[in-house]
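*Asks:* Structural data only, the sequence is not supplied:
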Ligand code: TYD
Ligand code: MG
């Protein structure tokens, strides 16, 4: 049951009766004010936003607790202040002293951000109306509550009310509002997900808390593409942009059995990542299928195609697949790389690369064929930039079995070849 504030009945009924016909306008004649975007001073964040914050827009920054949402917003606010933009930081989770403690790690600009610690929505709204900042951060949307609703902070009714009021403020006063929202791994909690239709832009912060790399991507963006992704690293003085992510992942690739470099696309940006697989005999029925950074169902499909069409049977083995660095690849172009990694791990021989590790991309079809994926030229160019040659990619008539034959040595005599296990 979701509690909502009672609507003002009379108003809407009266309006419905007195409705007058409007004159539709051809879109080309619609006046469109030019909006100057506000740069957050963090290149990767600006890029994901589509060029910076849009005045009057509502951005939801979602992510698991501890991933760095407060850190990135505090840095961005610091940069905005330094650039002469007025900002306000509303913290509902931490005291201003705690916010200061974080800002001290981020540098002098972050320390000049004006902040309040408050959980009462009316007080927050009143402060924003009085201060009229250009940019306002609410950290987090789950901690504020409206007194007219009795639901606990973070409940669907409350979260919706907070977002609705902020939306009204943003549009009316032209303030860019960033709502921070906590999402658990399952993403299913009655939290910020219910706001996705309401806000202009949803940014998702992903990564493993224990790992260094974090990715920021737009799940929805009314003012830009949802294709771009920013890569960050958590350092002692805040989040640092990682511009040469491919170079790092390639340099760290082990080249051992089960290791391959995937030419993945993160939206419109090519990214080289290392996929690793481990295949180990098991007594478990059914055997384990564990994936990290790769969709489990996708892995199941690839294992089935490997067994049926490429003679790699790992039915009596546990299979672990992981993308190094805690990155997630959720695109079909990663299929071939995953298949190669599993086959190589099962046979216990490394993949045939050139001077560097073997790179691959391509979708694996259900009939064992390799399918084309978008942007082959960009993927090849990125691999070329780091001297990765050859690159295994879909070609005319090339099947998964052919690709395995090209990339894999036969198992040495007497070796424990798990790919032929039942
Ligand atoms: P935080 O931004 O508070 O996460 P969130 O708001 O998403 O819950 O910080 C995440 C973690 O990052 C926290 O455990 C401390 C760590 N951290 C650093 O390693 N370096 C830093 O400079 C800062 C500010 C935080
Ligand atoms: Mg926080």
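*Replies:* Looks like it came in fine. None of these values were measured; they are calculated from a predicted model. Numbering: from 1, shown residues only. Ligands and ions are numbered 1, 2, ... in the order given.

*Asks:* how close does residue 109 get to ligand 1?
*Replies:* Distance, residue 109 to ligand 1, by C-beta to the nearest ligand atom, to the nearest Å: 14 Å. Any C-beta I mention is one placed from the backbone N, CA and C, and that applies to glycine too.

*Asks:* Would you mind confirming that that residue makes contact with residue 79?
*Replies:* Yes. Between residue 109 and residue 79 there is a contact under C-beta atoms under 8 Å: 6.1 Å.

*Asks:* For residue 176, the count of nearby residues, please.
*Replies:* Using other C-beta atoms under 10 Å, residue 176 is surrounded by 27 other residues.

*Asks:* Looking at residue 109 and residue 79, which has the bigger crowd around it?
*Replies:* Using other C-beta under 10 Å as the criterion, residue 109 and residue 79 rank with residue 79 on top: 22 against 18.

*Asks:* Am I right that that one is in a helix?
*Replies:* Yes. Secondary structure of residue 79 (DSSP: H, G, I helix; E, B strand; the rest coil): part of a helix.

*Asks:* surely it meets residue 112?
*Replies:* No. In this structure residue 79 lies outside contact range of residue 112 using C-beta under 8 Å: 10.6 Å.

*Asks:* What residue, apart from its backbone neighbours, is nearest residue 4 spatially?
*Replies:* Ranked by C-beta to C-beta, 6 or more residues apart in numbering and with sequence neighbours excluded, the top spatial neighbour of residue 4 is residue 157, at 5.6 Å.

*Asks:* count of residues packed around that neighbour?
*Replies:* For residue 157, using other C-beta under 10 Å, the count is 20.

*Asks:* And for residue 94?
*Replies:* If you count neighbours by other C-beta under 10 Å, residue 94 ends up with 17.

*Asks:* Could you do residue 24 as well?
*Replies:* Neighbours of residue 24 using other C-beta under 10 Å come to 6.

*Asks:* helices or strands up against the lengthiest strand in the chain?
*Replies:* Using DSSP state E to define each element, the chain has its longest strand at strand 269-281. Counting by 3 or more C-beta pairs under 8 Å, 6 or more residues apart in numbering; DSSP states H and E, the packing neighbours recorded for strand 269-281 are strand 229-235, helix 245-252, strand 259-266, strand 317-323, helix 335-347, helix 376-385.

*Asks:* what about 6 Å?
*Replies:* Packing partners of strand 269-281 (3 or more C-beta pairs under 6 Å, 6 or more residues apart in numbering; DSSP states H and E): helix 245-252, strand 259-266, strand 317-323, helix 335-347, helix 376-385.

*Asks:* How about the residue nearest to residue 278 when sequence neighbours are not counted: which residues does it bridge to?
*Replies:* Leaving out its chain neighbours, the residue that sits closest to residue 278 by C-beta to C-beta, 6+ apart is residue 320, at 4.4 Å. Taking DSSP bridges as the rule, residue 320 bridges to residue 278, residue 290.

*Asks:* any idea how far residue 208 is from residue 320?
*Replies:* Distance, residue 320 to residue 208, by C-beta to C-beta, to the nearest Å: 15 Å.

*Asks:* what does residue 95 give?
*Replies:* On the measure of C-beta to C-beta, residue 95 and residue 208 end up 28 Å apart.

*Asks:* Compare neighbour counts for these two and give me the winner.
*Replies:* Using other C-beta under 10 Å as the criterion, residue 95 and residue 208 rank with residue 208 on top: 16 against 11.

*Asks:* Can you check the pLDDT for the closest residue to that one other than its chain neighbours?
*Replies:* Nearest in space to residue 208, with sequence neighbours left out and distances taken as C-beta to C-beta, 6+ apart, is residue 326 at 4.2 Å. We have a pLDDT of 77 for residue 326.

*Asks:* Now for residue 326: which residues touch it?
*Replies:* Residue 326 makes contacts with 207-208, 211, 213, as judged by C-beta atoms under 6 Å, 6 or more residues apart in numbering.

*Asks:* list the contacts for residue 150?
*Replies:* By C-beta under 6 Å, 6+ apart, no residues touch residue 150.
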